[in-house]
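Participant: I would like the atomic coordinates for the input below:
(one chain, ligands or ions: 1)
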Amino acid sequence: MSIKILMVEDEAAIREMVCFTITQAGYQVLEAESVAAARVAIADSLPDLILLDWMLPGVSGIEYARTLKKDEMTKHIPIIMLTARGDEFDKIRGFEVGADDYITKPFSVKELQARIKAVLRRTAPALDEEIIDVDGLRLDMSSHRVMANGNSLEMGPTEFRMLHFFMSHVERVFSRGQLLDRVWGGNVYIDERTVDVHIRRLRKALEPEKYDRYVQTVRGAGYRFSTRL
Ligand code: CA
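Facilitator: Numbers count the residues shown, from 1 in each chain. Alright, predicted model coming up:
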């Protein structure tokens, strides 16, 4: 599962440079030239991180950051603000509205990559790890195995990918559409009810060790993987 980054920037030259750079670094990139376009992109596919320009026409980056951090669906997504050089006041405001980091323009490709890595490591450490452990349930990416209490739990490849996604995004609610996008990949036409089928299979696979109750239905919203019962 690749890490998805949304880049919101109205200046085409910067947007293209950044998108090229982060694609080269192995990330998947979504581009938006305005907040309106970002909203459309997010509705379609929830990113793991947002690079958000401070100065955007219409709704500013700062206003949009505030909105994102208030929304249950998006508040966990880390935001790196792109700001103009030396604007201390902006920096403070950025952190006040919940931005996780900022980069001052012009920035180097290396600096950008380092910031992205640092923020992801801090906010979603599990995305990088080979073995994820949530409350005794262990998922091993290299051997493609799931273990609990010393027992191996058998499941299909889709259930495995879904569990990996859930375990790297614990406590977050995802709609069926978002799960389809993240677990099956975009541009695939699959009925949203398919998600329910695989959720049932995943619960069944986790049931022998009582981890099925972590896969929770959130009425009217979708599903969540949570250790809070
Ligand atoms: Ca701008």
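Participant: Tell me which other helices or strands the lowest-mean-pLDDT helix or strand in the chain touches.
Facilitator: Within the chain, no helix or strand scores below helix 88-96, which has a mean of 73 by mean pLDDT, DSSP states H and E. In terms of contacts (3 or more CB pairs under 8 Å, 6 or more residues apart in numbering; DSSP states H and E), helix 88-96 is packed against helix 61-70, strand 79-83, strand 101-104. Bear in mind the C-beta positions are built from the backbone N, C-alpha and C, glycine included.
Participant: Most tightly packed of these?
Facilitator: For the helices and strands packed on helix 88-96, the largest average neighbour count (mean count of other CB atoms under 10 Å) is found in strand 79-83, namely a mean of 24.
Participant: Could you find the closest non-adjacent residue to Thr83?
Facilitator: In space, and not counting its chain neighbours, Thr83 is closest to Trp54: 4.6 Å by CB to CB, 6 or more residues apart in numbering.
Participant: What is the neighbour count of that neighbour?
Facilitator: A total of 21 residues lie near Trp54 under the criterion other CB atoms under 10 Å.
Participant: how about the residue most central in space within the chain, what does it touch?
Facilitator: Nearest to the geometric centre of the chain sits Asp48, at 2.4 Å (CA atoms, centre = their mean). Asp48 makes contacts with 3-5, 77-78, 120, 124, 127, as judged by CB atoms under 8 Å, 6 or more residues apart in numbering.
Participant: So which of those residues is the closest to the ion?
Facilitator: Comparing the contacts of Asp48 against the ion with CB to the ion places Ile5 closest, at 17.4 Å.
Participant: Report all helices and strands that the helix or strand hosting the closest one contacts.
Facilitator: Using DSSP states H and E, Ile5 sits in strand 4-8. If contacts are counted by 3+ CB pairs under 8 Å, 6+ apart, strand 4-8 sits against helix 12-24, strand 28-32, helix 35-44, strand 49-53.
Participant: what residue ranges in this protein are flagged as low confidence?
Facilitator: Low-confidence segments of the chain (pLDDT under 70): 1, 85-89, 128, 186-188.
Participant: Can you report how many residues lie near the closest residue to Val29 other than its chain neighbours?
Facilitator: In this structure, Val29 finds its nearest non-sequential neighbour in Cys19, 4.8 Å apart by CB to CB, 6+ apart. Cys19: 18 surrounding residues under other CB under 10 Å.
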